[in-house]
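Undergrad: sharing a model that was predicted from the sequence below.
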Amino acid sequence: MRTPPNESLSSDIVEAPKARKASEPERRCVISGQTGPREELVRLAVSPSGLVLPDAQEKAPGRGAWVGENRAGLEAALANGKLKGGLSRAFKTGNLEIPETLPQMVQDALTRVLLDRLGLEMRVGGLILGTQRIAEAARGGAVVLLLHASDASEDGRKKLDQAWRVGREAEGSGERGLELPLDRNALSVALGRDNVVHLALADDASAARVIKPLTRLMHYLGQEFPAGMAPQFCAPTTN
């Protein structure tokens, strides 16, 4: 995130610098005043009664406010009043009700968006499940992105990671699949399948659609993508 020029914090959209493409908008955090990629910030909306709620799908009408802090930063800002001050300026009103559980509400909302996206990709055939199917697809070079549940065994990860490297002609690189901030239970319930431990995405478009909510959730949890993994999938998508 970068320090912004001096201008009102109430703006919901920040003009992207010339170095960035128009398709890569930035947003300003109402807590820190810094700008960053939209994919790393969370939009908050306010109800007619003044209740502040997460808008993880960015569809709530009216003015929005963006938060770029991770969960720990949001909790601190909620406790010391910085969040309320920033939101009051952004929404141009001090008549706001900020739930004490807002940090957890944000995490739950971001998690749901990611799980819903994985479910959609499964329904359109973009998601590969099952260790054997993933291994075969990976060795054949048909896996774009490999994902593991947070409680996947190290042995299971290593076998699929190796198959993925073979298919990508990247043996010896040490490249590994990405560990999701979700365990097998959460994945299994969301996808309606038993014991979902590993997942694979078969094409760039599917990967890009999953990377967007995954990036936001990981950033909020204080986790970052391994260097060089995400950028190739960050082309803008409309879904």
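TA: Yep, that arrived. Source: prediction; values computed, not measured. Residues are numbered from 1 along each chain as shown.
Undergrad: please make it C-alpha for all contacts and neighbour counts, starting now.
TA: Fine.
Undergrad: alpha carbons of the strand or helix carrying Ala207, in PDB - could you do that?
TA: According to DSSP states H and E, Ala207 maps onto helix 204-220. Taking C-alpha atoms only, helix 204-220 is exported to PDB below (Å, rounded to 0.1, in the frame of the first residue of the first chain):
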ATOM      1  CA  ASP A 204      -6.600 -19.200 -16.200                       C
ATOM      2  CA  ALA A 205     -10.100 -17.700 -16.100                       C
ATOM      3  CA  SER A 206     -11.200 -20.000 -13.300                       C
ATOM      4  CA  ALA A 207      -8.000 -19.300 -11.400                       C
ATOM      5  CA  ALA A 208      -8.400 -15.500 -11.800                       C
ATOM      6  CA  ARG A 209     -12.000 -15.700 -10.400                       C
ATOM      7  CA  VAL A 210     -10.800 -17.700  -7.400                       C
ATOM      8  CA  ILE A 211      -7.700 -15.600  -6.800                       C
ATOM      9  CA  LYS A 212      -9.700 -12.400  -6.300                       C
ATOM     10  CA  PRO A 213     -11.700 -13.400  -3.200                       C
ATOM     11  CA  LEU A 214      -8.800 -15.500  -1.900                       C
ATOM     12  CA  THR A 215      -6.400 -12.600  -2.100                       C
ATOM     13  CA  ARG A 216      -8.700 -10.400  -0.100                       C
ATOM     14  CA  LEU A 217      -9.300 -13.100   2.600                       C
ATOM     15  CA  MET A 218      -5.600 -13.900   3.000                       C
ATOM     16  CA  HIS A 219      -4.700 -10.200   3.200                       C
ATOM     17  CA  TYR A 220      -7.400  -9.700   5.900                       C
END
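Undergrad: name the helices or strands packed onto the helix or strand harbouring Leu146?
TA: Assigned by DSSP H and E, Leu146 belongs to strand 145-148. With contacts taken as 3 or more CA pairs under 8 Å, 6 or more residues apart in numbering; DSSP states H and E, strand 145-148 sits against helix 154-167, strand 178-179, strand 198-201.
Undergrad: and for the second one, what's in contact with it?
TA: Think strand 178-179. Taking contacts as CA atoms under 8 Å, 6 or more residues apart in numbering, the residues outside strand 178-179 that touch it are 146-150.
Undergrad: quick one: distance of it to the chain centre.
TA: Chain-centre distance of strand 178-179: 13 Å, with CA atoms, centre = their mean, to the nearest Å.
Undergrad: now swap in the first one and tell me
TA: Its chain's C-alpha centre lies 24 Å from the corresponding centre of helix 154-167 when counted by CA atoms, centre = their mean.
Undergrad: with stretch 216-225 instead?
TA: How far stretch 216-225 lies from its chain's middle: 7 Å, per CA atoms, centre = their mean.
Undergrad: now the end-to-end length of that stretch.
TA: 11 Å (CA to CA, to the nearest Å).
Undergrad: state the mean pLDDT of it.
TA: Across stretch 216-225, the average pLDDT comes to 90.
Undergrad: check which residues of that stretch are buried.
TA: For stretch 216-225, the neighbour count (16 or more other CA atoms under 10 Å) marks 216-220 as buried.
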